[in-house]
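Q: I'll drop the sequence and a predicted model, then ask my questions.
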Amino acid sequence: VFAIPKRGWMLRHNLVEAYKHFRGLWHESNLYQAPGPMQFGDGGDVGPQSHRPLALLAEYLSLDELKQVIQPAVTLQPPLKVSTEPLKVRDVRMFDNLSALEQRRLQYQPLLPEYLRGPLRVQVEAI
């Protein structure tokens, strides 16, 4: 019988350490990390490391390499103050620190259907 050894604590240790490293910085900048959904196909190419799940990367990357994947741009902008009374702030997202899904969404340029690209015509009829 083949058994898969349990390695849960070892797998997550680097992730916990990376979170501890960034926690204060993320709090000061009012920042959050949204990795987006992951989907695996049966193709051999899974893309760059930044597109892979952090739990899988933590298994074979060092802590420093994992921190570089989680947040490539280390210097963060201060949050944008929307109002002072009551204090409301909004985070300023950096493109390099967005997940692969968020980056693709920002670069997406939808195509309009052909009937919407033509000249505008107005037709008035009495009813």
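A: Cool, the structure landed. Residues are numbered from 1 along each chain as shown.
Q: hang on, Leu116 is in a helix, isn't it?
A: Yes: assessed with DSSP: H, G, I helix; E, B strand; the rest coil, Leu116 lies in a helix.
Q: quick check, central residue of the chain?
A: Centroid check for the chain by CA atoms, centre = their mean gives Ser99 as the closest residue, at 2.1 Å.
Q: ok, it to Ser83 distance?
A: If you measure Ser99 against Ser83 using CB to CB, to the nearest Å, the figure is 29 Å. For glycine as for every other residue, the C-beta is placed from the backbone atoms N, C-alpha and C.
Q: and Arg90, by the same measure?
A: 10 Å.
Q: can you check Ser62 too?
A: As for Ser62, its distance to Ser83 is 43 Å (criterion: CB to CB).
Q: try Arg121
A: 46 Å.
Q: neighbour count for those two, which is higher?
A: Ser83 (8 against 5; other CB atoms under 10 Å).
Q: let me see the mean pLDDT of the longest helix anywhere in the chain.
A: Ranked by residue count, the top helix of the chain under DSSP state H comes out as helix 8-28. Average pLDDT, helix 8-28: 76.
Q: repeat that for stretch 59-78.
A: For stretch 59-78, mean pLDDT rounds to 80.
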